[in-house]
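In: Got a predicted structure plus its sequence, pasted below:
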Amino acid sequence: MGTPVLGKGPQAGVPEVRRLKGGGTPLRERLFQLSLWTSLAVGVVFLGCLLVYVVAEAWPRLNPRILTNFPDIIDPSQAGAQSAIMGTIWVIAFTALYCLPVGILTAIYLEEYADPERWWNRAIEINIQNLAAVPSIVYGILGLGIISRGLGFGQTVLTASLTLSLLVLPTVIIAVREAIRAVPASIREASLALGATQWQTIWRQVLPAAVPGMATGSILALSRAIGEAAPLLLLGGLTFITFNPTGPDSAFTVLPIQIFNWISQSRAEFVSLAAAAIVILLVTLLVMNSLAIWLRNRYSHRW
């Protein structure tokens, strides 16, 4: 039955295993592959049908009014999502301002300075891994109890951005750590051998080489924050606002909350409005994810 024999030629002495007669892909593997392809096809078909339905519903309202007008309960034909769009921009901008510096600095410390044998460093890493899998509603409860009520920030842009920062911070830390870890150790060793300090090595060699992975992970984390509605609903995000935020202490609404409000209305006109807002949100996410892919492909290094 397939006894190993020694090959001939330049690789003589290397064992070669004879193929068994009647060999091939086992039936169980073929069935498993078929089930995987079937599951993929079902998911893609349903996603395609859902996108076609949403675009068809949104088509009558995909006009400049959806971008320039404010919500209007009395006349849905004149309603728009300007306050929700501007609120989303404000919230995500402050979320990036809070979570990206903290996430990047934490990743640098854990990857370049922290001693993995220290118990507190191990505890930090375990907590980061666990927090990345916590449901978003839990962060909403945390934001409501501590940030909104405990610190007295109320239902403001600041509260929403801090809550979303806590939500995506573990994802940013993990992504940045992976990007830093992908930089070869020889880069660090060569820099240190030339007399650079550890921080000079990190700042001038490691971080520039890790920028593509860091940018990709950060953009994908912010893309998740844009689509979150549960924590903001729990924070008491307003569903009907006819003005744009003017600062971090302003009241706000965002696209997911506005979509939730419109889809809850009984009149059919609001369904088209909600579908148009969904298309705007999907286009925003598609642009951000495309930017992440472009950055990864454009600036990635092959070591």
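Out: Good, I have the coordinates.

In: what's near enough to touch Val206?
Out: For Val206, the contact set (CB atoms under 8 Å, 6 or more residues apart in numbering) comprises Glu112, Ile180, Val183, Ile187, Arg188. The way it works is simple: take the backbone N, C-alpha and C, and place the C-beta from them, glycine included.

In: swap in Asn289?
Out: Ile219, Leu220, Ser223.

In: So which of the residues you listed is the closest to Ala58?
Out: Checking those against Ala58 by CB to CB gives Ser223 as the nearest, at 20.4 Å.

In: wait, the closest one sits on Leu285?
Out: Yes - here Ser223 reaches Leu285: they are 5.3 Å apart, a contact under CB atoms under 8 Å.

In: the more surrounded of these two?
Out: Ranked by neighbour count (other CB atoms under 10 Å), Ser223 and Leu285 place Ser223 first, with 19 against 16.

In: Spatially nearest residue to the more buried one, not counting backbone neighbours?
Out: Met288 (4.7 Å; CB to CB, 6 or more residues apart in numbering).

In: residue ranges with poor pLDDT in the stretch 1-150 of the chain?
Out: 1-24 (pLDDT under 70).

In: 50 - rerun?
Out: 1-2, 4-10, 14-22 (pLDDT under 50).

In: how about the helices of it, start to end?
Out: 27-58, 65-68, 82-108, 119-131, 136-142 (DSSP state H, counting those that start in this stretch).

In: Tell me which of the contacts of Asn289 fall in helices.
Out: Per DSSP state H, helices hold the following members of the contacts of Asn289: Ile219, Leu220, Ser223.

In: now the residues you listed as CSV including pLDDT and distance to Trp199?
Out: Shown next, in CSV, are the ones in helices among the contacts of Asn289 (pLDDT from 0 to 100; distance: CB to CB, whole Å):
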residue, pLDDT, distance to Trp199
Ile219, 88, 26
Leu220, 86, 28
Ser223, 87, 31
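
In: In which helix or strand does the residue nearest to Ser223 reside?
Out: helix 269-299 (DSSP states H and E).

In: Mind listing what's buried along that helix?
Out: Within helix 269-299, the residues that qualify as buried are 270-281, 284-285, 288, 292, 295-296, counting by 16 or more other CB atoms under 10 Å.

In: Now that we have the contacts of Asn289, can you turn them into JSON lines and tack on distance to Ala93?
Out: Output for these, formatted as JSON lines (distance: CB to CB, whole Å):
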{"residue": "Ile219", "distance to Ala93": "14"}
{"residue": "Leu220", "distance to Ala93": "17"}
{"residue": "Ser223", "distance to Ala93": "14"}
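
In: which one of the residues you listed is nearest Gln78?
Out: For the contacts of Asn289, the nearest to Gln78 is Ser223 (30.7 Å; CB to CB).

In: for the helix or strand containing Ala190, packing partners?
Out: Per DSSP H and E, Ala190 falls inside helix 185-193. Other helices and strands packing on helix 185-193, by 3 or more CB pairs under 8 Å, 6 or more residues apart in numbering; DSSP states H and E, are helix 198-201.

In: Report the distance from the helix it packs on to the chain centre.
Out: Relative to the centre of its chain, helix 198-201 is centred 30 Å away, using CA atoms, centre = their mean, to the nearest Å.

In: export it as PDB, just CAs?
Out: Extracted in PDB, the C-alpha atoms of helix 198-201 (Å, rounded to 0.1, in the frame of the first residue of the first chain):
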ATOM      1  CA  GLN A 198      14.100  52.900  20.500                       C
ATOM      2  CA  TRP A 199      11.700  55.800  20.100                       C
ATOM      3  CA  GLN A 200      13.600  57.100  17.000                       C
ATOM      4  CA  THR A 201      13.300  53.600  15.500                       C
END
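
In: coming back round to it: now distance to Trp262 and neighbour count too, for the contacts of Val206, in a markdown table please.
Out: Output for those, formatted as a markdown table (distance: CB to CB, whole Å; neighbours: other CB atoms under 10 Å):
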| residue | distance to Trp262 | neighbour count |
| --- | --- | --- |
| Glu112 | 48 | 17 |
| Ile180 | 43 | 21 |
| Val183 | 47 | 20 |
| Ile187 | 52 | 15 |
| Arg188 | 53 | 17 |
